[in-house]
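**Q** how would this look folded up:
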Amino acid sequence: MTSPFIKLIFCLSLGLGTTLTFLSSHWLIAWAGLEISTLAILPLMAQHHHPRASEAATKYLLIQASATGLLLFATAFNAWMEASWNIVQIKDPIAISLIILALALKMGLAPFHFWLPEVMQGLDLTTGLILSTWQKLAPFVLLMQISHTAQPALLLTIGIASTALAGWAGLNQTQLRKILAYSSTTHLGWMVIVVQFAPHLAVLALGIYIFMTMAAFLTLKEVSSTKINEFTLSWSKSPVKMTMMTLVLLSLAGLPPLTGFLVKWYILEELTKQEMAVPATVIVMSALISLYFYVRLCYFAIISVFPNMTKTKMTWRRKNKQDKIVLATVTSAAITLLPLAPIIMALILLYA
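**A** From the prediction side, this is the model:
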């Protein structure tokens, strides 16, 4: 697939499917929007005609088909029991639980997160960015709309499992795309935990996560790195970008005074208000596990030199690959928004 016009059609279809899900109040329309988004991203996944890309597209199709099939069954079951297709007014507890499990499967939440790193590994960085950010929006909006009727224990279990299991799984990885996939599951776990108590905090966490993930993927694309050894060698070619990448990784880890700390700070504060000290402690300990593989990447990026063969092709003269304005904007947002936390929260509460 080389035609820019064809790529534009599929990108517009992605936007159409997600927008259709956003605007729908009927489960069938929301389901149709999810299907449009799934079918639109599949050609983008397989566009390079590589066996890994074809494998990733096939796995993604099977997983998403299973999730949407379970979602359609659950909504039809609710319509049979309650005679209603309205998203907000869903009442049957069995249907609600099945819908949450289906949405967790679509987003790659634990214990259904194992497909996400394998699919991400077969994609290029641009398509991986779309999968990690845009494709999470529609299922997460549906989850937000039914969170007030869901069982708190189910969402809490999924959130804690996502933060803990993805943190452990990312410790021994050498592929940067897999590490970012586990990072996606970890951050979504924080959002799922707080979405039932403070949906505005979940929206804030999702927005900041998108900025941080965009900054990470665009920087990796700029330095042409998909593995740790390539990531290490990028310092000699572009020390400024690698320095900013280090700050973005620390922001993903949630260290102050970077933007990622803002999300964890407010979520832990909300859990404390809800008298949920034990879940708050568990996810903080899980965040410490995730911190290890972020700091490990920072160590390889700016401190050590990865062992490398002598006969390695070094790209001394690289072409400009993208518009630096987008990269500069998302990187600045991913690093420097913490001092603006009171203003951001005031605006969110004003429009909530």
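**Q** all helices of the stretch 1-150 of the chain, in order?
**A** Assigned by DSSP state H, counting those that start in this stretch, the helices in the stretch 1-150 of the chain fall at 4-23, 27-45, 51-82, 93-107, 115-121, 125-132, 134-146.
**Q** May I see the ones you listed organised as TSV, with mean neighbour count, mean pLDDT and distance to Met191 added?
**A** Where you see a C-beta, it was placed from the backbone N, CA and C, and this is true even at glycine. Output for the helices of the stretch 1-150 of the chain, formatted as TSV (neighbours: other C-beta atoms under 10 Å; pLDDT from 0 to 100; distance: least, C-beta to C-beta, whole Å):
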stretch	mean neighbour count	mean pLDDT	distance to Met191
helix 4-23	15	91	17
helix 27-45	20	94	18
helix 51-82	17	93	18
helix 93-107	21	94	10
helix 115-121	21	94	15
helix 125-132	21	94	14
helix 134-146	21	94	7
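**Q** Now render those helices as CSV, adding distance to Leu188.
**A** As requested, those are exported to CSV (distance: least, C-beta to C-beta, whole Å):
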stretch, distance to Leu188
helix 4-23, 16
helix 27-45, 17
helix 51-82, 15
helix 93-107, 6
helix 115-121, 10
helix 125-132, 10
helix 134-146, 7
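**Q** Out of those, which gets nearest to Cys298?
**A** Nearest to Cys298, of all the helices of the stretch 1-150 of the chain, is helix 125-132, at 19.3 Å by C-beta to C-beta.
**Q** closest to Lys264 out of the helices of the stretch 1-150 of the chain?
**A** helix 134-146 (18.1 Å).
**Q** of the helices of the stretch 1-150 of the chain, which approaches Trp235 most closely?
**A** Across these, Trp235 has its closest neighbour in helix 125-132 (18.6 Å, C-beta to C-beta).
**Q** how far out from the middle of the chain is the closest one?
**A** Taking C-alpha atoms, centre = their mean, to the nearest Å, one finds helix 125-132 lying 10 Å from the centre of the chain it belongs to.
**Q** re earlier: so for Ala333, which of the helices of the stretch 1-150 of the chain sits nearest?
**A** helix 125-132 (15.2 Å).
**Q** elements contacting that closest one?
**A** For helix 125-132, the packing partners by 3 or more C-beta pairs under 8 Å, 6 or more residues apart in numbering; DSSP states H and E come out as helix 27-45, helix 115-121, helix 176-195, helix 199-223.
**Q** Now with 10 Å, please.
**A** helix 27-45, helix 51-82, helix 115-121, helix 176-195, helix 199-223 (3 or more C-beta pairs under 10 Å, 6 or more residues apart in numbering; DSSP states H and E).
**Q** Identify each buried residue in the last one, please.
**A** Put plainly, it is helix 199-223. 199-206, 208-223 (16 or more other C-beta atoms under 10 Å).
**Q** now the angle from it to helix 176-195?
**A** Angle, helix 199-223 to helix 176-195, by axes from the mean of the first three to the mean of the last three C-alpha atoms, to 10 degrees: 170 degrees.
**Q** just checking, what packs against helix 199-223?
**A** With contacts taken as 3+ C-beta pairs under 10 Å, 6+ apart, helix 199-223 sits against helix 125-132, helix 134-146, helix 176-195, helix 228-233, helix 239-253, helix 260-273, helix 324-336, helix 341-351.
**Q** and if you look at the shortest one?
**A** Contact here means 3+ C-beta pairs under 10 Å, 6+ apart; on that basis helix 115-121 packs against helix 51-82, helix 125-132, helix 152-169, helix 176-195.
**Q** Let's see it as CSV, backbone CA atoms only.
**A** Extracted in CSV, the C-alpha atoms of helix 115-121 (Å, rounded to 0.1, in the frame of the first residue of the first chain):
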residue,chain,number,x,y,z
TRP,A,115,-1.7,-10.2,22.7
LEU,A,116,-0.7,-6.5,22.8
PRO,A,117,3.1,-6.8,23.0
GLU,A,118,3.1,-9.5,20.3
VAL,A,119,1.0,-7.4,17.9
MET,A,120,3.1,-4.3,18.7
GLN,A,121,6.3,-6.1,17.9
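**Q** From the rest of the structure, what touches that helix?
**A** Helix 115-121 has contacts (C-beta atoms under 10 Å, 6 or more residues apart in numbering) with 45, 52, 55-64, 66, 105, 107-109, 127-128, 131-132, 166, 169-170, 173, 175-182, 184-185, 188, 226.
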